[in-house]
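Asks: fold the following.
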Amino acid sequence: MTAETPEASHKQILKATGILGGAQVIEVLIRIARNKIIAVLLDPMGLGVIGLYQFKIDLVRSDTGFGLNFSAICDIAGAAGTDNRQRISQMILILRRWVWFTGLLEMVLALGLCKPLS
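Replies: Modelled structure (predicted):
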């Protein structure tokens with residue numbers, strides 16, 4: 001493992017922040033365009049109905065996610081900090097299994113509650 005200079009570390013942080021910020025800007029622009037298209041095609045009431053459906057989707061997603069998106073970042077970053085390839089691959093394997101489990105749970109829950117949700 002090589003020691004980084006503070007300048008290199010700052011450049012890496014700035015680059016990562018720029019990438020994440022740029023992705024968020026693109027996401028906002030896509031949402032604005034999508035909402036405009038929906039409003040033109042379905043009128044504002046249709047946009048409200050789409051918003052209600054999106055809320056229900058987000059509710060099911062948050063109930064079945066178990067905070068995996070936040071804890072996975074911490075766990076994988078901790079494993080990457082050790083430079084132990086076996087531990088990193090083990091954490092990724094565990095994450096993949098949890099993602100499959102929570103995805104299947106979300107699907108079953110959505111199918112089971114499709115009538116009340118609609």
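Asks: check which helix or strand covers Gly18.
Replies: Per DSSP states H and E, Gly18 falls inside helix 6-65.
Asks: hmm, I typed the wrong one, I wanted Arg96.
Replies: helix 85-112.
Asks: next secondary structure after that helix?
Replies: helix 114-117.
Asks: shouldn't Leu117 be in contact with Leu109?
Replies: No. Using Cβ atoms under 8 Å, Leu117 makes no contact with Leu109, being 9.7 Å away. Where C-beta positions appear, they are placed from N, C-alpha and C, glycine not excepted.
Asks: where do the contact lists of the two overlap?
Replies: Val60 (Cβ atoms under 8 Å, 6 or more residues apart in numbering).
Asks: thinking again about what came up before, so for the helix holding Arg96, what gets flagged as buried?
Replies: 87-88, 91, 95, 102, 106 (16 or more other Cβ atoms under 10 Å).
Asks: and which of those is nearest Ser9?
Replies: Ile88 (20.8 Å; Cβ to Cβ).
Asks: which of the helices or strands spans the residue lying closest to the closest one once chain neighbours are set aside?
Replies: Nearest residue to Ile88 in three dimensions, chain neighbours excluded: Ala79, at 4.6 Å (Cβ to Cβ, 6 or more residues apart in numbering). Assigned by DSSP H and E, Ala79 belongs to helix 68-81.
Asks: if I take that helix and helix 6-65, what angle do their directions form?
Replies: 140 degrees (axes from the mean of the first three to the mean of the last three Cα atoms, to 10 degrees).
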